[in-house]
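> sequence first, predicted model second:
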2 protein chains.
Amino acid sequence: MKLKAVVTATILAASTAFASNDSVWQALPEVAPAPADNPTTQEKIELGRMLYFDPRLSSTGTVSCFSCHNLAEGGDDHRPTSVGVHGQKGGRNAPTVWNAAFLSVQFWDGRAPTLEEQAKGPPVNPIEMGMSDLEAVVERVKRIPGYRPYFEAAFGKGDVITIDNIARAIAAYERTLITPDTPYDRYVKGDKSALTEQQIRGMNTFREVGCISCHQGPMFAGPQLPMGTGFFMKFPTVPDSPYVAKYRLTEDKGRFEVTGDPADEHMWRVPTLRNLVYTAPYMHNGAVKTLPEAVRVMASTQLGLTLTEDQVNDIVAFLEALSGPLPQQTVPQLPPTPGDLLDP
Amino acid sequence: MKLKAVVTATILAASTAFASNDSVWQALPEVAPAPADNPTTQEKIELGRMLYFDPRLSSTGTVSCFSCHNLAEGGDDHRPTSVGVHGQKGGRNAPTVWNAAFLSVQFWDGRAPTLEEQAKGPPVNPIEMGMSDLEAVVERVKRIPGYRPYFEAAFGKGDVITIDNIARAIAAYERTLITPDTPYDRYVKGDKSALTEQQIRGMNTFREVGCISCHQGPMFAGPQLPMGTGFFMKFPTVPDSPYVAKYRLTEDKGRFEVTGDPADEHMWRVPTLRNLVYTAPYMHNGAVKTLPEAVRVMASTQLGLTLTEDQVNDIVAFLEALSGPLPQQTVPQLPPTPGDLLDP
């Protein structure tokens, strides 16, 4: 696992210095950035959509990317934690795929530097898609003959059905799964009628009480950093908040689980606040069920604040303005299955 | 369970009498029939699509109609038998939802007389969607506030979130999932270039060897009978066929399992032959992996015939002409989940 440089609280002082002027409010770009070695093309998008929807990439043939990152929903699965093959429960709440293309690292613990690397994780996670290894994923795809023309259209002739190309195609499709037309984005671009008075009040409160110290930038997930460089924060930072025990916030040690570095205990990638309307329940363990409660928890555990209910409601109204519209997706037609693809 | 009148082999003599003229070849209608108490409307279709895609109709929130009747595939799930909540395996191969609207009874054993009744089955099947009872399904839907406007648009104001309306909406959507534009249908309607020479040869062989004695009508699932009246056939009828043991064809007693009537032992609804290209593996238990082998098995177990490989290949070519194109579907946007909808 490649772990890039970590930027944490040290950057906060610099970035919050901008909080007093309006440049702090940034709209989401209309196009997601793509790495130099995987430019986004229509052919990759089309292939990637097929792979994204294809449950045959799991050992049992029952779990696809779409299963837990459901595009009929918030790009997640409405469960506290996801369910993979054989009914096994995962340990963390599925992060939304909507706008993941703008995040500089992937997974709650930032262990993947790109969408491409992320896409190689779940297929071989024994409690997610359960394939024995990445080679088995490639073999599975190769055994579905109808995939070949799509790989050749996207990547040229030859030995193009590879795990890297599978990941590239899925990533290319995911780069289309963006929601840059929220009321907030329209407001920032000049449509001053796009937000309600309460939402504008919430926007100001969000800045004044300090939410923005971490949840900044167009993704509300931290300052813009080079792809592969994560923005992490300790959670909880106020260990005696009553919510810590109530919602079991310290059971999972976060980034420490992948690095083993004591400095990473309870460090988490700062998650995006976009599309929260569609992604309940909340937090890395999905323990917080409603958006108002999530605001109370974060204020208490990160800022040591007890907000008034008016403040909570205003911030929630603002967060609602960071949601949708979710662009409509078409169901791909997957290549037919050879009947011996899966054992009974 | 309501069981309507059964029409079996007695009808065969009459229907095969038509086999020598061309009226035996019938195209699929462009519109699926709807019952008088559930006329198809756009509002029901839209709501039904949402419910069809919604995994929150299952106990764990992980299994939707779409999971096992996947519209990115053959309206089924490419597995021998399906997997429901908690990774439990079902006993029978998922029948395709494509064109199910034209079948006069539903399920392999014909135990549901309509799509509406069928839709009430899987949600409360403990190994499929696992809800405790139909009332729990209704309560689950009621707890998702965003559904109400869609029910009111489809069914009017008032207490319209009911299990009957849930089933009606799903059935209305399923009546749009039809594939009337196959090469075969175009051929029957007059486009004589729609089939290849081999496919026409296979079409003739299909009739001559007797496949058509059961697989007739526009659905290749038997003569057209009133909705609710099933067309059933014993399978296998040649018990000493070597395929019976090889593919465990008598382990499941078919319709007997629901009626308890010895006359129903090993009786099965005659399945459609449309879209077989997309629905491997085959038979009620999904034990037969390829289409050529399925043709050999059926010829042997039902007709006592051993076909030549040329005959098999010609029939397979003809069957391929009964497949697709599958109309493109859009992913619905489901109403947001209240975070307390599901327990961890």
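Cool, got the structure.

> list the contacts for the residue nearest to A:A34 when sequence neighbours are not counted?
Among residues not flanking A:A34 along the chain, A:T40 sits closest, at 4.7 Å (CB to CB, 6 or more residues apart in numbering or on different chains). The way it works is simple: take the backbone N, C-alpha and C, and place the C-beta from them, glycine included. By CB atoms under 8 Å, 6 or more residues apart in numbering or on different chains, the residues touching A:T40 are A:A32, A:A34, A:A172, A:R175, A:T176.

> with A:L134 instead?
A:K120, A:P123, A:V124, A:I163.

> could you find the closest non-adjacent residue to the last one?
In other words, A:I163. A:I163 sits nearest to A:L134 (CB to CB, 6+ apart), 4.5 Å away.

> roughly how far apart are the one you found and A:G84?
With distances taken as CB to CB, to the nearest Å, A:L134 is found 17 Å from A:G84.

> show the backbone phi and psi for A:V288.
phi -100, psi 120 (degrees, to the nearest 10).

> tell me who's in contact with the closest residue to it other than its chain neighbours.
Using CB to CB, 6+ apart and skipping residues adjacent in sequence, the residue nearest A:V288 is A:Y282, 4.4 Å away. With contacts defined as CB under 8 Å, 6+ apart, the neighbours of A:Y282 are A:N93, A:L276, A:V288, A:K289, A:L291, A:E293, A:A294, B:G339.

> point out the least confident member of these, please.
For the contacts of A:Y282, the weakest pLDDT value sits at B:G339, with 83.

> what's the neighbour count on A:R79?
24 (other CB atoms under 10 Å in any protein chain shown).

> go on, A:I161?
Considering only other CB under 10 Å, A:I161 is surrounded by 18 other residues.

> who's in contact with it?
Contacts of A:I161 (CB under 8 Å, 6+ apart): A:V138, A:V141, A:K142, A:Y147, A:R148, A:F151.

> what helix or strand does the first one sit in?
With secondary structure defined by DSSP states H and E, A:V138 is part of helix A:134-142.

> again with the last one
Taking DSSP H and E as the definition, A:F151 sits inside helix A:148-155.

> so which elements touch that helix?
Packed against helix A:148-155 by the contact rule (3 or more CB pairs under 8 Å, 6 or more residues apart in numbering or on different chains; DSSP states H and E) you find helix A:42-53, helix A:163-174.

> how about the helix or strand following the last one against chain B, any contact?
Think helix A:163-174. Sequence-wise, the next helix or strand downstream of helix A:163-174 (DSSP H and E) is helix A:183-188. No: figure legend: helix A:183-188 not in contact with chain B (CB under 8 Å from any CB of the partner chain); closest approach 15.8 Å.

> buried set for helix A:183-188?
Buried residues in helix A:183-188, counted by 16 or more other CB atoms under 10 Å in any protein chain shown: A:P183, A:Y184, A:D185, A:R186, A:Y187, A:V188.

> ok, these vs A:D261, which is closest?
Lowest distance from A:D261 to the buried residues of helix A:183-188 (CB to CB) belongs to A:Y184, with 35.8 Å.

> next one, pLDDT for the closest one please.
For A:Y184, pLDDT reads 98.
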